[in-house]
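Asks: what follows is a predicted structure for the sequence shown.
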2 protein chains.
Amino acid sequence: MALIVQKYGGSSVATLDLISGVVKRAIATKNQGNRVVVVLSAMKGETDRLLSLARQVTLNPDPRELDSILTTGEQISCALFAITAQTLGEKVKSFLGHQAGIHTDDIHTKARIVNIDPSRLITELAKDRIAVVAGFQGVDRLGDVTTLGRGGSDTTAVALAIALKADICEIYTDVDGIYTTDPNICARARKMEKISYEEMLELSSLGAKVMEIRSVELGMNYGLKIHVRHAHSPSQGTIICQEDPSMEKTPVRGVTHSMNEARITLIKVRDQPGVAARILSVVSKADIVVDMIIQNKSVNGEGQFTNFSFTVPSSDYARTKELLEGVLSDLQAERVIGDDNIAKISIVGTGMRNHAGVAAKMFQALALEGININMISTSEIKISCIIEKKYAELAVRVLHEAFELHKAPGD
Amino acid sequence: MALIVQKYGGSSVATLDLISGVVKRAIATKNQGNRVVVVLSAMKGETDRLLSLARQVTLNPDPRELDSILTTGEQISCALFAITAQTLGEKVKSFLGHQAGIHTDDIHTKARIVNIDPSRLITELAKDRIAVVAGFQGVDRLGDVTTLGRGGSDTTAVALAIALKADICEIYTDVDGIYTTDPNICARARKMEKISYEEMLELSSLGAKVMEIRSVELGMNYGLKIHVRHAHSPSQGTIICQEDPSMEKTPVRGVTHSMNEARITLIKVRDQPGVAARILSVVSKADIVVDMIIQNKSVNGEGQFTNFSFTVPSSDYARTKELLEGVLSDLQAERVIGDDNIAKISIVGTGMRNHAGVAAKMFQALALEGININMISTSEIKISCIIEKKYAELAVRVLHEAFELHKAPGD
């Protein structure tokens, strides 16, 4: 008898009909001889509705009060799930964060789980019940309701699965798995059967927004298998798990792209210790998130001039440029230039570690199409290039072909 | 420094503008040198919306799950109140039932408060904060959310006021107090400055639906002063308190009427022990609430035939008649007749206890207008008559004049 935690997102419980569908899915899983814990998000649109209600009062509502408002969304979807399951004769109980023993710190709107006491859920499961737990919420030391921030329901599901020593955590969503690249861009994109935690982390931070990074990391730390699959299709999705030999056979596992980046370059800054830190602290103080950072040694060595580049979300492009123009003399830089007509293309794969020549192959494939590379940044299992925006989709297709990603690893 | 519990009903917090109004009222009360605890209902319409959501799934939703859904209404109104108050620079925190220490039994949808541990609220008040408490909800031994049934927010307010040893509990509503009779019917109706708990109990059960009976009873048991007043008017309302000499001066304090009653009469039942019980158990098993019950001795003594009458809500009239027709032979009765073209008129006053002739004066006043009395029923502080429906409003005006209720007791 396996213990399975199933998480259904907001779009999977957006209407009573859809709730009825996921209820049947959970019951079917139980009838196959499993114990089942379900974690739900709020019905799609509800969190936004509640947020806008609070924001009609003030744009900066008190985080503690905001949490109290927002958590009602999951409270309602869970109770509706339980009621629906009961009409089908199933024994189901819903649990709020504090009832499920989800204890967090008191950082409202982005609380971290401190520990989970799953004893009440274990009791309910032993009574042959399905337990439905409100995602996204917990309770602090004082008994105040907290929320876990963006993607919080995924975190709830993964953390609960770990606390319950579940065999697997199933994340039901509106895509049917993780693809080698965006199927809308590349017709040959292939759904992967398995993907390593590390690859998933690189893919999700690069824009394949299926699961929040935090919960993948959490799963990785405890070796919890996570199955990402479609809420309203019976087909298998993609299992996120530890790296295994079959994955290493292929050096590259996926290609992603992001169109929402802009490049900023400071021309002629001094190549001396502390300059990069000074530049970036100006940016981070304005709450602007920097992604790639490139600084080359100056040709003439320390003390001479060099250029310093980095990328920011394109929505922050104008603001970042303005900000730096205001402090040019402090930074002893000549001027700021930039470009938001760019795209970032990345290839990801744990197999890269053991395969030489992956980067060369990537650059060559792009060059063959006449695509110029602006900036390059690499990690152990990822290579990213900044290119001109208009080539983004072409680059994705070219790289997908070059690394033969349409073929399953076993082929 | 007084401690004041203020309760605002759903119509007083129906919109963000209205919430803003009651926030200012609570702050003004605090600025007058008081400590203030606020109890709120859900925004008007919200509870019905949530109920209908659950009922779209099934007409009989599980009470535990239904409570989890319904309590979100107060959770939201309280947080919005707190956020609004904070924008005005006030220190305010909202509290759910379990945070306010409101412990109930586990009878979901109509739980009873078992005890209140107000220690957290006391701590907050000592920090010069206003505490806003979600009405209508509590928590059972297991930590499950419960609701207190109809009028639950009044119960929360009164019970909290008692636990906190508050000086007064203010019930803010959409009427500006308790009147000697319905001002829509009788232009001379007068708002009473004070009314005794007992009188209020008789008036509320008779249709002056300002407060639920349970919370008046609770206030009476602990001698808590309750001030019923208008949420959006500064004028004084009516204080419900212990009987005092000024009340006894006038025998009658109010006139009420109810149009939603129907009379049922069983013709020729045996006048012998157990007959009334047999009749009424048939009715109560069908969950029909009986109000007045009249049985006269048969003219010829025990064992002979008599008629047996009672009143039921007019919405249950047809069903009650049918029900009894089906068991006529069991009851050894000849037939059932009835009439839903009736009204109940009552006069209420603790002073009645010490004044002879009140009943005679009532019957005479009605007779002078040619109003025939169908049934009479009396309690220590109330006399009710069933009359033909078309005379109801006339009867109210006639009795209001006869007992000079337009005059304040001190005049």
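Replies: Here it is on my side, so go on.
Asks: could you confirm A:N374 falls within a helix?
Replies: No - assessed with DSSP: H, G, I helix; E, B strand; the rest coil, A:N374 is strand; it does not lie in a helix.
Asks: downstream of the helix or strand in which A:A82 is found, the next helix or strand is which one?
Replies: Per DSSP states H and E: A:A82 is located in helix A:72-87. Moving toward the C-terminus from helix A:72-87, the next helix or strand (DSSP H and E) is strand A:92-95.
Asks: okay, buried residues for that following strand please.
Replies: Within strand A:92-95, the residues that count as buried by 16 or more other Cβ atoms under 10 Å in any protein chain shown are A:92-95. (Each C-beta comes from the backbone N, C-alpha and C, glycine too.)
Asks: the helix or strand following it - contacts with which helices or strands?
Replies: Next helix or strand after strand A:92-95 toward the C-terminus (DSSP H and E): strand A:102-104. On a contact count with 3 or more Cβ pairs under 8 Å, 6 or more residues apart in numbering or on different chains; DSSP states H and E, strand A:102-104 meets strand A:113-116, strand A:137-139, helix A:152-163.
Asks: that older thread, just the closest of the buried residues of strand A:92-95 to chain B, please.
Replies: A:S94 (5.9 Å; Cβ to the nearest Cβ).
Asks: tell me the pLDDT at the residue of the stretch 1-150 of chain A found nearest chain B?
Replies: Of the residues in the stretch 1-150 of chain A, the one nearest chain B is A:T72, at a distance of 3.6 Å by Cβ to the nearest Cβ. For A:T72, the model assigns a pLDDT of 97.
Asks: for B:E46, see how far away the nearest residue to it once chain neighbours are set aside is.
Replies: Spatial nearest neighbour of A:T72, chain neighbours left out: B:T72 (3.6 Å); criterion: Cβ to Cβ, 6 or more residues apart in numbering or on different chains. Using Cβ to Cβ, to the nearest Å, one gets 8 Å for the distance from B:T72 to B:E46.
Asks: the more surrounded of these two?
Replies: Between B:T72 and B:E46, B:T72 has the larger neighbour count (other Cβ atoms under 10 Å in any protein chain shown), namely 26 against 19.
Asks: picking up where we left off before, need the buried residues of strand A:92-95 in TSV (columns: distance to chain B and pLDDT).
Replies: Listed next are these as TSV, based on distance: Cβ to the nearest Cβ, whole Å; pLDDT from 0 to 100:
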residue	distance to chain B	pLDDT
A:V92	9	97
A:K93	7	97
A:S94	6	98
A:F95	9	98
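Asks: still on that earlier bit, residue contacts, the residue nearest to A:T72?
Replies: By Cβ atoms under 8 Å, 6 or more residues apart in numbering or on different chains, the contact set of B:T72 is A:72, A:75-76, B:50.
Asks: which single residue of the stretch 251-400 of chain A ends up nearest chain B?
Replies: A:D287 (22.7 Å).
Asks: A helix includes that residue, no?
Replies: No - per three-state DSSP, A:D287 lies outside any helix segment and is coil.
Asks: any residues touching the least confident helix or strand in chain A by mean pLDDT, and which ones?
Replies: Sorting the helices and strands of chain A by mean pLDDT, DSSP states H and E puts helix A:245-248 at the bottom, at a mean of 74. With contacts defined as Cβ under 8 Å, 6+ apart, helix A:245-248 is touched by A:194-196, A:199, A:253, A:349-351, A:354, A:409-410.
Asks: strands - which of those residues land there?
Replies: A:194-196 (DSSP state E).
Asks: who wins on neighbours among those residues?
Replies: Neighbour-wise, those (other Cβ under 10 Å) top out at A:I195, 26 neighbours.
Asks: could you give the bridge partners of it?
Replies: A:I195 has these beta-bridge partners by DSSP bridges: A:I240.
Asks: list the contacts for it?
Replies: A:178, A:203, A:238-241, A:247, A:253-254.
Asks: which among those residues end up buried?
Replies: Buried among the contacts of A:I195 (16+ other Cβ under 10 Å): A:178, A:203, A:238-241, A:247, A:253-254.
Asks: my guess is A:T265 contacts A:T306, does it?
Replies: No - counting by Cβ atoms under 8 Å, A:T265 does not reach A:T306; the two are 10.7 Å apart.
Asks: returning to what we had before: buried ones in the helix holding A:A82?
Replies: Applying 16+ other Cβ under 10 Å to helix A:72-87 flags A:72-86 as buried.
Asks: distance between the ends of stretch A:7-15?
Replies: 16 Å (Cα to Cα, to the nearest Å).
Asks: ok, back up a step: now pLDDT and distance to A:P273 too, for the contacts of helix A:245-248, in CSV please.
Replies: Formatted as CSV, the contacts of helix A:245-248 follow (pLDDT from 0 to 100; distance: Cβ to Cβ, whole Å):
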residue, pLDDT, distance to A:P273
A:K194, 92, 44
A:I195, 92, 40
A:S196, 92, 37
A:E199, 90, 35
A:R253, 90, 38
A:G349, 90, 35
A:T350, 86, 34
A:G351, 83, 37
A:N354, 76, 35
A:P409, 72, 45
A:G410, 57, 50
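Asks: all helices for chain A, in order.
Replies: A:16-31, A:46-57, A:63-70, A:72-87, A:119-126, A:152-163, A:197-205, A:213-222, A:245-248, A:275-285, A:317-325, A:328-331, A:358-368, A:392-402 (DSSP state H).
Asks: what about the third one and chain B, touching?
Replies: Yes - part of helix A:63-70 sits close enough to chain B to count as contact by Cβ under 8 Å from any Cβ of the partner chain, namely A:64-66, A:68-69.
Asks: double-check A:I130 against A:V37; I have them as touching.
Replies: Yes - counting by Cβ under 8 Å, A:V37 is a contact partner of A:I130 at 7.4 Å.
Asks: more crowded one of those two?
Replies: In terms of neighbours (other Cβ under 10 Å), A:V37 is the more surrounded of A:I130 and A:V37; the figures are 28 against 24.
Asks: and the more buried one, what are its bridge partners?
Replies: Bridge pairing for A:V37 - DSSP bridges - gives A:V5, A:A131.
Asks: quick one, what contacts it?
Replies: Going by Cβ under 8 Å, 6+ apart, the list of residues near A:V37 reads A:3-6, A:121, A:125, A:130-133, A:160-161, A:164, A:166.
Asks: ok, and the most crowded of these?
Replies: Busiest of those [other Cβ under 10 Å] is A:V132, holding 30 neighbours.
Asks: so it touches A:E90, yeah?
Replies: No - using Cβ under 8 Å, A:V132 makes no contact with A:E90, being 10.7 Å away.
Asks: the nearest residue to A:A343 once chain neighbours are set aside: neighbour count?
Replies: The shortest distance from A:A343 to any non-neighbouring residue, by Cβ to Cβ, 6+ apart, is to A:A392 (3.6 Å). Here the number of neighbours of A:A392 (other Cβ under 10 Å) works out to 18.
Asks: what residues are up against A:A392?
Replies: A:257, A:259, A:343, A:345.
Asks: measure it to A:E261 for me?
Replies: According to Cβ to Cβ, A:A392 and A:E261 sit 10 Å apart.
Asks: quick one: common contacting residues for these two?
Replies: A:A343.
Asks: ok, back up a step: give me the number of residues near the residue of the stretch 251-400 of chain A closest to chain B?
Replies: 8.
Asks: now do the one 5 residues further on
Replies: Using other Cβ under 10 Å, the number of residues around A:M292 comes to 17.
Asks: what does the stretch 1-150 of chain A put close to chain B?
Replies: A:16, A:50, A:53-54, A:56-58, A:61-62, A:64-66, A:68-69, A:71-72, A:75-76, A:78-80, A:82-84, A:86-87, A:93-94, A:96, A:98-99, A:120, A:142-145.
Asks: wait, what's in contact with the residue most central in space within chain A?
Replies: In chain A, the centroid-proximal residue (Cα atoms, centre = their mean) is A:E212; its distance is 2.9 Å. Counting by Cβ under 8 Å, 6+ apart, A:E212 makes contact with A:150-151, A:154-155, A:204.
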